[in-house]
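# Sharing a sequence plus its predicted fold:
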Amino acid sequence: MGDSDKVFAGSIPEFYDRYLVPLIFEPYAADLARRLLEAKPGRVLEVAAGTGVVTRAMAARLPPNVSITATDLNDAMINHARTTLADPRVTWKTADAQNLPFDDASFDAVVCQFGAMFFPDKPGAYAQARRVLKPGGRFLFSVWGKITDNEFADVVTQTVGEMFPNDPPLFLARTPHGHHDEARLRADLVAAGFTDIKIETRDERSKAPSPREPAVAYCEGTPLRNEIEARDKNRLQEATARAAEALARRFGNGPIDGLIRAIVVTAVK
């Protein structure tokens with residue numbers, strides 16, 4: 001993972017929340033909130049909260065006596081998230097998942113949606129989640145499946161790569177969709193001290209009113225933007241347009257619908 005893979009700055013958080021969240025994140029946020037409700041937690045910690053899609057889903061679904069601490073390493077993302085939800089149960093905090101500033105056994109559940117792929121030391125981050133969990137507490141997190149099983153992201157990656165054949169921007173394949181090996185996930189969790197582990201694949205459908213929305217979402221709302229602009233700062237809009245054209249050729253010019261696949265993990269302390 002390159003350093004630029006972790007840079008969600010400038011206008012990326014706004015584009016991310018406006019386009020990418022409804023495109024691919026909301027179905028899985030609702031699923032995590034449902035799983036969490038079944039666990040009946042009192043105190044919940046969210047790591048890598050991003051712009052707060054899971055935070056909002058939890059606040060909408062969990063009972064009023066549940067407290068939520070939502071954290072992210074990236075100031076720009078957490079600052080944007082604060083503007084999307086005003087709820088006295090929710091505390092927003094900038095924090096590193098690999099060095100959590102919380103006491104041992106502080107939470108009934110730790111939740112992380114599509115953030116684990118960005119942890120440089122995944123067993124270390126999982127060990128931190130286990131440390132702050134109470135005995136019997138649950139660590140719930142999700143990662144994306146391989147890019148070929150996530151159709152819009154695959155088309156965008158191939159299309160943008162054709163613009164820079166000698167140095168294709170591979171952020172989406174390398175990082176969001178680069179950590180789908182279930183054996184590796186299990187081994188990293190075991191290394192962190194977890195033994196009660198459940199891993200499952202969950203398919204959803206990504207829907208957009210036109211091909212342009214996913215093109216903007218991926219090209220301008222993720223660190224793929226940083227990679228495009230690093231190669232040629234004047235070609236971002238061209239990349240977005242080309243991605244939209246490729247999506248239209250594959251899925252049509254009206255509302256489009258594609259497969260998304262994620263891996264959902266539950267580990268109990």
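Perfect, I can see it now. Values in this document were obtained by computation on a predicted structure and should not be read as measured data.
# and residue 200, how many neighbours?
11 (other CB atoms under 10 Å). In this view, the C-beta of every residue, glycine as well, is placed from N, C-alpha and C.
# Give the helix, strand or coil label for it.
The three-state assignment at residue 200 reads strand, by DSSP: H, G, I helix; E, B strand; the rest coil.
# What's the separation between it and residue 268?
Using CB to CB, to the nearest Å, residue 200 is found at 15 Å from residue 268.
# tell me the strands in the chain, going along the chain?
Counting by DSSP state E, the chain has strands at residues 43-46, 67-72, 90-94, 107-113, 133-144, 196-208, 256-268.
# Include mean pLDDT and distance to residue 169 when you put those into JSON lines, please.
Below are the strands of the chain laid out as JSON lines (pLDDT from 0 to 100; distance: least, CB to CB, whole Å):
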{"stretch": "strand 43-46", "mean pLDDT": "98", "distance to residue 169": "29"}
{"stretch": "strand 67-72", "mean pLDDT": "97", "distance to residue 169": "24"}
{"stretch": "strand 90-94", "mean pLDDT": "96", "distance to residue 169": "28"}
{"stretch": "strand 107-113", "mean pLDDT": "98", "distance to residue 169": "24"}
{"stretch": "strand 133-144", "mean pLDDT": "97", "distance to residue 169": "17"}
{"stretch": "strand 196-208", "mean pLDDT": "97", "distance to residue 169": "20"}
{"stretch": "strand 256-268", "mean pLDDT": "98", "distance to residue 169": "20"}
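# JSON lines for those strands, including distance to residue 19?
Output for the strands of the chain, formatted as JSON lines (distance: least, CB to CB, whole Å):
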{"stretch": "strand 43-46", "distance to residue 19": "22"}
{"stretch": "strand 67-72", "distance to residue 19": "19"}
{"stretch": "strand 90-94", "distance to residue 19": "22"}
{"stretch": "strand 107-113", "distance to residue 19": "17"}
{"stretch": "strand 133-144", "distance to residue 19": "17"}
{"stretch": "strand 196-208", "distance to residue 19": "9"}
{"stretch": "strand 256-268", "distance to residue 19": "13"}
